[in-house]
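fold the following and give me the result.
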Amino acid sequence: MMIRVTGASDRGRVRLNNEDSFRVEPDLSLAVVADGMGGHAAGEVASRLAVEEAVRGMREDGDTDPERRTRAAVLRANNLVLQYALDHPEYAGMGTTLDLAWIRGEGIWIGHIGDSRVYRIRRNRIACLTRDHSWVADQVRTGRLSPEEAAHHPFRNLLTQALGIRPDPEVDVVADVVEPGDAYLLCTDGLMAHLTDADMLEIHAAARTAEERLQLLIDETNRRGGQDNVTVALVEIAPV
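Take a look at the predicted model:
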């Protein structure tokens, strides 16, 4: 399979700094995105450390079990963020989401924590493969809130899981069988705040290249307000 991995990030129209981070590693067919949180630029530090350590873990770990290797890379990132905050008290309380997607053979493995997301685009359909680790998402899953209520709830940014908060976070690992023509979109919540799944699918279909798709997603997010940083990455499998 021919695989292309691309990414882009923008601070948006409101925020003065960008607390998102991303890395794409084409030789590993790997993409990682993270959305940091914490005052005094701590979010920037947390997301950068987590992304770099997750990539390092994926490169250095020789485990042949893809699920174990994926989970270990995310937990390794968590340990680094925790330790860095202990060593630098000015960053106490910092944390970050993280989504990691890498292709091995005919499968893709996704490591996920927080409320950034990974979508699969296949045959002109889009599906979210991750579940938000947030208070409002839990309320929606149990029927206490509707999706519309959750979108405007004052606690919509309250995470139930993130890196850098505790030593044993709950990390989801999702596996999927890839098909020619598939695209996997990793994105921070700045994108979902303004674009629906249908919007993402329409933009993906309208663009000709991966770089154009990412730029159009960012441009449309900013056109609709750009209230948050926005980071997107694509892992694409070439059609036959």
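
got any ranges where the protein has weak pLDDT?
Counting by pLDDT under 70, the chain contains no low-confidence residues.

okay, now the sheet partners of the helix or strand harbouring Leu100, with direction.
Counting by DSSP states H and E, the element that carries Leu100 is strand 98-104. Under the criterion DSSP bridges, strand 98-104 sits next to strand 30-37 (antiparallel), strand 107-113 (antiparallel) in its sheet.

TSV for those, including distance to Ile218 and mean neighbour count?
(Each C-beta comes from the backbone N, C-alpha and C, glycine too.) TSV is the format used below for those (distance: least, C-beta to C-beta, whole Å; neighbours: other C-beta atoms under 10 Å):
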stretch	distance to Ile218	mean neighbour count
strand 30-37	13	28
strand 107-113	22	24
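
which of those sits closest to Arg223?
Evaluated with C-beta to C-beta, those place strand 30-37 nearest to Arg223, the distance being 20.6 Å.

buried residues in the strand holding Leu100?
Leu98, Asp99, Leu100, Ala101, Trp102, Ile103 (16 or more other C-beta atoms under 10 Å).

do stretch 191-203 as well
Buried positions in stretch 191-203, judged by neighbour count with 16+ other C-beta under 10 Å: Leu191, Met192, Ala193, His194, Leu195, Asp199, Met200, Leu201, Glu202, Ile203.

distance from it to the middle of the chain?
In terms of C-alpha atoms, centre = their mean, to the nearest Å, the gap separating the centre of stretch 191-203 from the centre of its chain is 15 Å.

tell me which helix or strand comes right after the one helix or strand Asn78 maps to.
Using DSSP H and E, Asn78 falls within helix 66-87. Moving toward the C-terminus from helix 66-87, the next helix or strand (DSSP H and E) is strand 95-96.

how about stretch 68-83: buried residues?
By neighbour count, and taking 16+ other C-beta under 10 Å as the criterion, the buried residues in stretch 68-83 are 69-78, 80-82.

tell me the bridge partners for the most centrally placed residue in the chain.
For the chain, the residue lying nearest the average C-alpha position, counting by C-alpha atoms, centre = their mean, turns out to be Asp99 (3.7 Å). Beta-bridge pairing of Asp99, defined through DSSP bridges, involves Val33, His112.
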